[in-house]
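Sharing a model prediction with you, sequence too.
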Protein chains: 2
Amino acid sequence: MDVHHAGSVGIVAPRKLVIERPLTLDCGRCLPRHELMVETYGELNRARSNAVLVCHALSGDHHAAGVHAATDRKPGWWDSAIGPGKPIDTRRFHVVCLNNLGGCRGSTGPNTINPDTGRYWGPDFPIVTVRDWVKSQALLADALGIERWAAVIGGSLGGMQALQWAIDFPERVAHALAIAAAPRISAQNIAFNEIARQAILSDPDFHAGRYYEHGVVPSRGLKLARMLGHITYLSDSAMRNRFGRLLRESDGRFNFNYEVEFEVESYLRHQGQSFVERFDANTYLLMTKALDYFDPARDYGDDLVAAFRRARAKFLVLAFSSDWRFSPARSREIVKALVAAEREVSYACIASQLGHDDFLMPLPEYHRVLGAYLARVAQEAGA
Amino acid sequence: MDVHHAGSVGIVAPRKLVIERPLTLDCGRCLPRHELMVETYGELNRARSNAVLVCHALSGDHHAAGVHAATDRKPGWWDSAIGPGKPIDTRRFHVVCLNNLGGCRGSTGPNTINPDTGRYWGPDFPIVTVRDWVKSQALLADALGIERWAAVIGGSLGGMQALQWAIDFPERVAHALAIAAAPRISAQNIAFNEIARQAILSDPDFHAGRYYEHGVVPSRGLKLARMLGHITYLSDSAMRNRFGRLLRESDGRFNFNYEVEFEVESYLRHQGQSFVERFDANTYLLMTKALDYFDPARDYGDDLVAAFRRARAKFLVLAFSSDWRFSPARSREIVKALVAAEREVSYACIASQLGHDDFLMPLPEYHRVLGAYLARVAQEAGA
C-alpha cells in the first residue's frame, strides 16, 4: 500500500513497555510486572493534554494505524479512522494503542513465558477482566506521563473499556467514546461465547491449554469459534446482499457432498482459517470471558446509573442500525443510564448495512459524527 | 405421564414399512427399496379422505404423539397438538407421521446397514433433499392406500415438506400447512448450518463418517452443533427472560475459569449432551444439507410464483413474532408468492415470546388458529 498517501500515519514501529508496578487482578491474583506492546501516532503536546487512548476489541491489537513496512499489504485495524485529517486526527492528537494484557501479539499473555516457571503461561494465565485492562492501561498512562486522556475511544469490547475508564478513573478521562458497545452482554451473547469456548476447549489439540508444548494449535476449535463470531459481526441482510445463495461453482448444480458449496461457506472457512494463523486460542478464551464478565453496574448494586454517577467524563455513544450483536437498543441503555446519572452524553445511531463490523468501516455519516465530536475534544484539550 | 388423560392418543406402537419400489434421488442415485418407521393416530375413514401427514423438522422423528409405554416420561414431540380434541384432532383425522429417509430412528439412513455392502451406510448414504422426502412420502402414501391427504402439515423443515408436496403432487394434497417455515433459507441460515457441519466433520471421532465401526461417536462436534442450533431456536428476549445473566452458583462470585458459570451455559451444555445421546451425527449432516438445498423456486426459473401456480391445495401459513430463525418476513414471502399465484391462502402471525421453538408450544392463540383451520379441513374431508 501507499504509505505516503494523505491520511496515513505512514510507517510505524511498535515498542514494548515494561510495567514494573504490581497489578492485582479481579480474580485475586497479582502480576508483579507485565509487558505491553504499544504503538503511538501523532505528537504529545507540551501540556500533555492531547493524548487519546484507543482500546481494541476481541481480536484487535496495538497495531491500529499505518504499516510496519512499506511492503505491508494491510494497514492497522482502524487505519480508516486514525491519521492526519481523519476523525482521530493525528495532527492534533497523540494516539496510544496497546495490545491488552492477555493478548497474543507481544503483551504478557498465555503465549508468553511465565518467568516463575520458565514455561508458557498457557492455562496458568489468569482470566482478566475489562477492569483489569483499565487498571493496566492506567499504569501504562503513568509510564507514558499521561495524567489525563483527552479521550478514551473504543468499539465493541473496546467501547466497554472506555466506559469502565470513565467509572474507575473519573479524573483521568475527559471524554469516553463507546461505539457499538453494550452496558453488559446478553444471555444470547454469552451463549455464542460459550459455544466458541467449547469448540476450543473440546479440540483434542487444545491439550488443556498447553498446546504450545505439544507443537500443535487447536485449529479446528479456533476456526469454528471465529466462523461463529463472523455470523454475529454481519447482519442477516449484509450476508444476503454479499453472498445470497450463490453457489461457489458456476455450473449451478449442487455438489451433494460436504465440500464448500455456497459462497457464504467459502467466506466463513477462509475467515476461520486465516484467523487460526494469526491468533492464539488461549487469548480467544480470555477475551470471551472478559466480555461475559463486563458489567460495571455489578459493583454498584446492579445500578448502572449509580456506576455512571462516579464518572466525570463527557460521553459519545454510537450505534449502528444493522448491528444485531450489540444493537442500538443496547447503546440506548447506556445513554438512558448516563442521562439518569446527569452526565453529558451525545448519541447517534448510524444508518448502516453491514452489522457490528460497521464500527470498523469508513461510513461517511459515522466519520462525520466521530470527527465533529473529536474536533470539539481537541479544542477543549488545546490540541 | 398419565396416558389416559383427555387429549392423549395413549400408548402407540411404531411400525416399519418397507417401500419396495425404487426411489431415484435428486443426487442421481437410486434406492431400490427403503424402510420407513411410521406411527399413526386416529382411524382412517372408509372414504380414505381423512388422512393427515405430519412432517418432522430437523431433529424430529415418527413419534409425534402419545407414548410407547405407560412408564415413558415424555410423549411424542408434537403431543401438544395431536390427540382427541386437540388442533390435529384424532377423533376426526387419521394422522400419519414417519421418520424421514436418512433419519436415525429406524428408517433407512446412515446408521442402518447398507444391504449391498453389509456395512453401515455412514458416509455412503446419499444426501437427500426435501423433494426426495416428499417422493418417499408419496410412496408411503401409496403403500398405505392414501390417494390424497386432507392436509400435509409441518413446522420449520416440516413446513418446507408441506410446501413441496403441494407443488410436486398437486392432486394429492387438499391443504398444505407451513408453520414457522421459509421459501428457502438465507445466507445466515446456511452459515449456521455450515458451522454445525464443520463442528461434526472436524471432530477426530467422526472418522470420515465411519465412526460406528470405530465404536465412538463424534460427540464433541454433534454437541456443538446442537448448542448452536439452540441459540437460533430461542429469541434473544426469551434467553434474557429465562436465563438473564444469572450465575449457576448462588454465591454470586465469578469462577475465573472455564467451568459452567452462567445459567445459559448450563442449559446449552445439557441440551448438547442429551442430543448426543439420542441423535446420529451423519443424519444431522444430511438434515442441514436438506435445509440448505430446499428451494422450490429453483425448478421454476427462480420464480416462486411459477412454482406455486402448480399447486392445487389451499394453504395455511403461520409465523411467530419472536422467531428470528425463520422470521415472519420469511412466511410473508411465501404468502405473497401464493397470492401472486392466485392460490387460496390464510396467514397468521402469532404473538409469541420464545422464538422458533414456539411452533412446538401449545400457545392458546396458535392452537385456536390451527384448530379452527383444521376443523374446516375436516369438514371438507367429510371427517
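Alright, I've got the coordinates. Numbers count the residues shown, from 1 in each chain, chains lettered A, B, ... in the order given.

Could you list the residues in contact with stretch A:136-145?
Identification of contacts with stretch A:136-145 by Cβ atoms under 8 Å, 6 or more residues apart in numbering or on different chains yields A:17, A:19, A:21, A:23, A:34, A:36, A:38, A:44, A:48, A:51, A:53, A:55, A:96, A:98, A:100-101, A:147, A:149, A:161, A:165, A:168-169, A:172. Quick note: C-beta positions are derived from backbone N, CA and C, even for glycine.

hmm, 7 Å instead?
A:17, A:19, A:21, A:23, A:34, A:36, A:48, A:53, A:96, A:98, A:101, A:169, A:172 (Cβ atoms under 7 Å, 6 or more residues apart in numbering or on different chains).

Can you select the buried ones from these in ChimeraX?
Those of these that count as buried under 16 or more other Cβ atoms under 10 Å in any protein chain shown are selected in ChimeraX with:
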select /A:17,19,23,34,36,53,96,98,101,169,172
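
Dump the contacts of stretch A:136-145 to a markdown table, plus pLDDT.
Formatted as a markdown table, the contacts of stretch A:136-145 follow (pLDDT from 0 to 100):
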| residue | pLDDT |
| --- | --- |
| A:Leu17 | 98 |
| A:Ile19 | 98 |
| A:Arg21 | 97 |
| A:Leu23 | 98 |
| A:His34 | 98 |
| A:Leu36 | 98 |
| A:Arg48 | 97 |
| A:Leu53 | 98 |
| A:Val96 | 98 |
| A:Leu98 | 98 |
| A:Leu101 | 98 |
| A:Phe169 | 98 |
| A:Arg172 | 98 |
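
Now render the contacts of stretch A:136-145 as TSV, adding secondary structure and distance to A:His62.
Formatted as TSV, the contacts of stretch A:136-145 follow (DSSP: H, G, I helix; E, B strand; the rest coil; distance: Cβ to Cβ, whole Å):
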residue	secondary structure	distance to A:His62
A:Leu17	strand	10
A:Ile19	strand	14
A:Arg21	coil	20
A:Leu23	strand	18
A:His34	strand	14
A:Leu36	strand	8
A:Arg48	coil	21
A:Leu53	strand	11
A:Val96	strand	9
A:Leu98	strand	5
A:Leu101	coil	12
A:Phe169	coil	20
A:Arg172	helix	20
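
mind listing the strands in the stretch 51-200 of chain A by residue range?
Assigned by DSSP state E, counting those that start in this stretch, the strands in the stretch 51-200 of chain A fall at A:51-55, A:82-83, A:88-89, A:94-98, A:113-114, A:119-120, A:151-155, A:175-179.

for these, which one sits closest to B:Asn114?
Among the strands of the stretch 51-200 of chain A, strand A:119-120 comes nearest to B:Asn114, with 47.6 Å by Cβ to Cβ.

would you turn the strands of the stretch 51-200 of chain A into TSV with distance to chain B?
Below are those laid out as TSV (distance: least, Cβ to the nearest Cβ, whole Å):
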stretch	distance to chain B
strand A:51-55	21
strand A:82-83	31
strand A:88-89	32
strand A:94-98	23
strand A:113-114	17
strand A:119-120	17
strand A:151-155	21
strand A:175-179	19
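
Now distance to B:Gly106 too, for those strands, in JSON lines please.
Below are the strands of the stretch 51-200 of chain A laid out as JSON lines (distance: least, Cβ to Cβ, whole Å):
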{"stretch": "strand A:51-55", "distance to B:Gly106": "56"}
{"stretch": "strand A:82-83", "distance to B:Gly106": "61"}
{"stretch": "strand A:88-89", "distance to B:Gly106": "63"}
{"stretch": "strand A:94-98", "distance to B:Gly106": "59"}
{"stretch": "strand A:113-114", "distance to B:Gly106": "54"}
{"stretch": "strand A:119-120", "distance to B:Gly106": "50"}
{"stretch": "strand A:151-155", "distance to B:Gly106": "52"}
{"stretch": "strand A:175-179", "distance to B:Gly106": "54"}
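
can you tell which of the ones you listed is closest to B:His63?
strand A:151-155 (48.8 Å).

how about the residues of the stretch 151-300 of chain A that lie near chain B?
A:184, A:186-188, A:190-192, A:194-195, A:197-199, A:201-202, A:204, A:220, A:224, A:227-228, A:231, A:236, A:239-240, A:243-245, A:254, A:256, A:258, A:262, A:264-265, A:268, A:285, A:292-293 (Cβ under 7 Å from any Cβ of the partner chain).

what do you get if the cut-off is 6 Å, keeping everything else the same?
Neighbours of chain B within the stretch 151-300 of chain A, by Cβ under 6 Å from any Cβ of the partner chain: A:186-188, A:190-191, A:194-195, A:199, A:201-202, A:204, A:220, A:224, A:227-228, A:231, A:236, A:239-240, A:243, A:254, A:256, A:258, A:262, A:264-265, A:268, A:293.

So which of those residues belong to helices?
Cross-referencing those against helices under DSSP state H gives A:187-188, A:190-191, A:194-195, A:199, A:201, A:220, A:224, A:227-228, A:231, A:236, A:239-240, A:264-265, A:268, A:293.

Can you select the buried ones from those in ChimeraX?
In ChimeraX syntax, the buried subset of these is picked out as below (16+ other Cβ under 10 Å):
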select /A:187,188,190,191,194,195,199,201,220,224,227,228,231,236,239,264,265,268,293
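
who touches A:Arg73 in this structure?
When contacts are counted by Cβ atoms under 6 Å, 6 or more residues apart in numbering or on different chains, A:Arg73 touches no other residue.

ok, now A:Leu25?
A:Pro126, A:Asp132.

try 7 Å this time
A:Leu31, A:Pro126, A:Val128, A:Asp132.

Please verify my assumption that the first one contacts A:Glu20.
The reference is to A:Leu31. No - assessed by Cβ atoms under 7 Å, A:Leu31 is found out of contact with A:Glu20, at 10.9 Å.

Look at the two and report which has more neighbours.
The neighbour count for A:Leu31 versus A:Glu20, taken as other Cβ atoms under 10 Å in any protein chain shown, is higher for A:Leu31 (18 against 10).

separation between that one and B:Ser186?
As judged by Cβ to Cβ, to the nearest Å, A:Leu31 and B:Ser186 stand 46 Å apart.

so what's A:Leu31 up against?
So A:Leu31 contacts A:Pro22, A:Leu23, A:Leu25 (Cβ under 7 Å, 6+ apart).

Try it again at 6 Å.
A:Leu31 neighbours (Cβ under 6 Å, 6+ apart): A:Leu23.

Got the phi and psi for it?
Torsion angles at A:Leu31 (phi, psi; degrees, to the nearest 10) stand at phi -100, psi 120.

Who is it paired with across the strands?
In this entry, A:Leu31 is beta-bridged to A:Leu23, by DSSP bridges.

mind checking how far the lowest-mean-pLDDT helix or strand in chain A is from the chain centre?
One helix or strand of chain A scores below all others by mean pLDDT, DSSP states H and E: helix A:236-242, with a mean of 93. Relative to its parent chain, helix A:236-242 has a centroid offset of 24 Å by Cα atoms, centre = their mean, to the nearest Å.

Then stretch A:152-160?
Put simply, stretch A:152-160 sits 6 Å off its chain's centre (Cα atoms, centre = their mean).

Check stretch A:212-228 too.
Centroid separation between stretch A:212-228 and its chain, computed with Cα atoms, centre = their mean, is 20 Å.

Can you give me the first-to-last residue distance of that stretch?
24 Å (Cα to Cα, to the nearest Å).

who are the neighbours in contact with A:Ser8?
A:Gly83.

Distance check, it against A:Cys97.
In terms of Cβ to Cβ, A:Ser8 sits 15 Å off from A:Cys97.

Pull the number of nearby residues for A:Glu277.
9.

Sorry, slip of the keys, the one I care about is A:Phe294.
Neighbours of A:Phe294 (other Cβ under 10 Å): 22.

Now the phi/psi pair for it, please.
Torsion angles at A:Phe294 (phi, psi; degrees, to the nearest 10) stand at phi -60, psi 120.

Looking at it now. What's its pLDDT?
pLDDT for A:Phe294: 98.

Below-threshold pLDDT in the stretch 1-150 of chain A: ranges please.
For the stretch 1-150 of chain A, the stretches with pLDDT under 70 are A:1-5.
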